[in-house]
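Undergrad: next one to model:
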Amino acid sequence: MRSRLLFLGLAAALFVGTVACDEALSSLTGPTPDLEPTFSSIQRLIFDQNDSTGRAACIQCHTSVGRVPASGLDLTAGGSYARLVGAAVVEKANATRVIPGDPDNSYLVQKLEGAPGIVGTRMPRGSGPFLTEGQMLVVRRWIELGARND
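TA: Numbers count the residues shown, from 1 in each chain. All right, here's what the predicted structure looks like:
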């Protein structure tokens with residue numbers, strides 16, 4: 001009985017710590033204060049919308065509406081998840097756009113952060129503005145949590 005109570009106490013502490021971590025992430029997101037580590041939030045506030053820093057919405061280039069999307073990646077709602085999670089990168093062999101649980105090796109993160117070894121330029125294309133550190137922490141957290149379609 002005592003070991004079961006200890007286990008439940010540890011599980012509760014872990015849960016509270018995880019929730020507090022996500023809460024802290026959302027308070028760092030600057031121009032997107034409602035951003036959460038969920039796919040629906042990232043779709044709405046990063047892919048679909050410009051933000052107050054002047055960062056352009058990803059779908060300004062990554063859309064198939066009236067054009068061929070940049071790098072063959074269409075980020076419009078309704079199909080973007082399938083085109084990201086577990087999907088091969090067109091311009092770089094043996095790379096995957098989003099690897100659930102592994103933000104460091106997810107090409108999406110590498111392109112958004114401008115990591116060495118990417119093909120082309122950091123996203124969004126040009127000189128920015130780029131995602132803020134807080135926004136990137138939320139994107140990374142979503143991937144760490146398994147990149148669920150939530």
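Undergrad: every contact and neighbour count from this point should use C-alpha atoms.
TA: Fine.
Undergrad: residues in contact with the residue lying closest to residue 55 once chain neighbours are set aside?
TA: Spatial nearest neighbour of residue 55, excluding adjacent residues (CA to CA, 6 or more residues apart in numbering): residue 129 at 5.0 Å. By CA atoms under 8 Å, 6 or more residues apart in numbering, the contact list for residue 129 reads 53, 54, 55.
Undergrad: just the buried ones from those?
TA: residue 55 (16 or more other CA atoms under 10 Å).
Undergrad: nearest to residue 67, of the contacts of residue 129?
TA: Within the contacts of residue 129, the smallest distance to residue 67 is 21.1 Å, found for residue 55 (CA to CA).
Undergrad: rewinding a little: and the contacts of residue 129, which is closest to residue 30?
TA: Looking across these and measuring by CA to CA, the closest to residue 30 is residue 53, at 9.1 Å.
Undergrad: OK, contacts around that closest one?
TA: With CA under 8 Å, 6+ apart, residue 53 has these contacts: 31, 129.
Undergrad: can you classify residue 136 as helix, strand or coil?
TA: helix (DSSP: H, G, I helix; E, B strand; the rest coil).
Undergrad: distance check, it against residue 91.
TA: The gap separating residue 136 from residue 91 is 22 Å, by CA to CA, to the nearest Å.
Undergrad: show me which of the two is the more surrounded one.
TA: residue 136 (18 against 12; other CA atoms under 10 Å).
Undergrad: let me see the contact set for the more buried one.
TA: So residue 136 contacts 109, 112, 113 (CA under 8 Å, 6+ apart).
Undergrad: now, of the residues you listed, which are buried?
TA: When the contacts of residue 136 are checked for burial by 16+ other CA under 10 Å, the buried set is 109, 112, 113.
Undergrad: now, among those, which is nearest to residue 31?
TA: The nearest member of these to residue 31, counting by CA to CA, is residue 112 at 16.4 Å.
Undergrad: sweet, I'm off.
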